[in-house]
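Asker: got a predicted structure here, sequence first:
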Amino acid sequence: QVQLVESGGGLVQAGDSRRLSCAASGRTFSRYVMGWFRQVPGKEREFVAVIGRLGGTYYADSVKGRFTISRDNGKNTLYLQMNSLKPEDTAVYYCAAKDSAVVHFAANLYDYWGQGTQVTVSS
């Protein structure tokens, strides 16, 4: 079992930056593939970024070049640095974990989820 708690959401203006954090507790953090997803009302949960055990990263086209996912295994924490935010980035952001040697992009493949943190970008 692993417990995930996101933080760092809030109300920002278009063009601003924001960093989300996801604190993990439980089993060894470093063995998990960690992902960020987001969801708006009435839509499915959407892949944002993923980082593998060895640090390899992948991004959705909509955030590539603006968002950076990273992890600090010593602190059991996952991060999402979001720059040049746009109103269309407004969503509830979730971190997710899967005990896997390969990265995954589909939300239904992840085993553990945080409660989510709201990010609202005003124009």
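Answerer: The structure has been received and is ready for your questions.
Asker: and L54, its phi and psi?
Answerer: phi -90, psi 0 (degrees, to the nearest 10).
Asker: and the gap between the residue nearest the centre of the chain and V63?
Answerer: Nearest to the mean C-alpha position of the chain, by Cα atoms, centre = their mean, lies W36 at 2.2 Å. W36 sits 9 Å away from V63, taking Cβ to Cβ, to the nearest Å as the criterion. For glycine as for every other residue, the C-beta is placed from the backbone atoms N, C-alpha and C.
Asker: which residues do the two both contact?
Answerer: Listed contacts common to W36 and V63 are 48-49; contacts here mean Cβ atoms under 8 Å, 6 or more residues apart in numbering.
Asker: tell me the secondary structure for E88?
Answerer: Three-state secondary structure (criterion: DSSP: H, G, I helix; E, B strand; the rest coil) places E88 in helix.
Asker: and it, how many neighbours?
Answerer: 11 (other Cβ atoms under 10 Å).
Asker: and for G15?
Answerer: Applying other Cβ under 10 Å, we find 11 other residues in the vicinity of G15.
Asker: compute the number of surrounding residues for the closest residue to G15 other than its chain neighbours.
Answerer: Leaving aside its sequence neighbours, G15 sits nearest to S84 (Cβ to Cβ, 6 or more residues apart in numbering; 6.1 Å). By other Cβ under 10 Å, the residues close to S84 number 13.
Asker: do the same with W113
Answerer: The burial count assigned to W113 is 16, neighbours taken as other Cβ under 10 Å.
Asker: same check, this time on G10
Answerer: Counted by other Cβ under 10 Å, the residues lying close to G10 total 12.
Asker: thought it was touching R18?
Answerer: Yes: using Cβ atoms under 8 Å, G10 is in contact with R18, at 6.9 Å.
Asker: now for those two: what residues contact both?
Answerer: Taking Cβ under 8 Å, 6+ apart as the contact rule, the neighbours common to G10 and R18 are V119.
Asker: contacting residues around the host helix or strand of A49?
Answerer: For A49, the element it lies in under DSSP states H and E is strand 46-51. Here strand 46-51 makes contact (Cβ under 8 Å, 6+ apart) with 33-39, 57-60, 63, 67-71, 78, 80, 91, 93, 103-107.
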